[in-house]
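Chemist: Below is the sequence, then the predicted model.
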Amino acid sequence: MNGYCHTQKGIIRPILLVVTVAFLAGARFVGTYPTLPIYLASAGVCVVMSFAFGHLTVRDDGDRLVVSFGPLTLFRKTISYSQITHLEKDRSTFLAGWGIHWTRKGWLWNIGGYDCVKIEMGDKSMLIGTDDPDGLVSFLRSQTGR
């Protein structure tokens with residue numbers, strides 16, 4: 001690995017941790033038998049998701065780009081440089097949001113903000129959210145010649 005590695009912290013983790021505290025408070029002060037397990041399970045899911053979506057790392061892995069959320073790596077995507085047919089800086093919208101989901105421009109992997117890099121692989125495309133779009137585009141162009 002001699003190339004690019006960038007990690008962006010997001011705001012999803014602190015939000016999920018605040019929601020966790022709210023669920024725990026609900027379990028403590030309002031929870032009775034039918035609702036107590038729901039409060040506790042919801043708090044547990046929020047804790048796991050806060051660790052799964054704490055940051056977004058984009059890194060070079062020799063012949064491919066690796067995009068992963070972490071520090072608990074439940075979601076990871078690799079893109080072979082040879083598959084990239086076009087790339088450009090782009091912007092997502094407020095409505096596109098954060099996380100991993102389909103948008104009208106392709107799959108979005110974003111942890112925060114609106115700057116992203118759009119990578120086309122034939123008829124498929126992916127938007128990678130980043131606070132370093134210029135650096136990522138420059139690196140990808142050096143790897144793909146595009």
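Modeler: Received, thanks. Residues are numbered from 1 along each chain as shown.

Chemist: Make sure Val58 is indeed in a helix.
Modeler: No. Val58 sits outside any helix when classified using DSSP: H, G, I helix; E, B strand; the rest coil, being strand.

Chemist: Domain map for this protein?
Modeler: 10-52, 55-144 (automatic domain parsing).

Chemist: how much distance is there from the first one to the middle of the chain?
Modeler: Distance, stretch centre to chain centre, for domain 10-52: 21 Å (CA atoms, centre = their mean, to the nearest Å).

Chemist: circling back: do you know which of the domains of the chain lies nearest Tyr4?
Modeler: Minimum separation from Tyr4 across the domains of the chain (CB to CB) falls at domain 55-144, 4.1 Å. Heads up, the C-betas are built off the backbone N, CA and C, glycines and all.

Chemist: Over to the closest one now: how far is its first residue from its last?
Modeler: This stretch, domain 55-144, spans 26 Å end to end (CA to CA, to the nearest Å).

Chemist: Please export the C-alpha coordinates of the helix or strand containing Gln8 as CSV.
Modeler: In the assignment (DSSP states H and E), Gln8 maps to strand 5-9. Output in CSV follows, covering the C-alpha atoms of strand 5-9 (Å, rounded to 0.1, in the frame of the first residue of the first chain):
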residue,chain,number,x,y,z
CYS,A,5,-5.5,6.6,2.8
HIS,A,6,-7.9,9.1,4.3
THR,A,7,-10.4,8.8,7.2
GLN,A,8,-13.3,11.2,7.7
LYS,A,9,-15.1,11.3,11.0
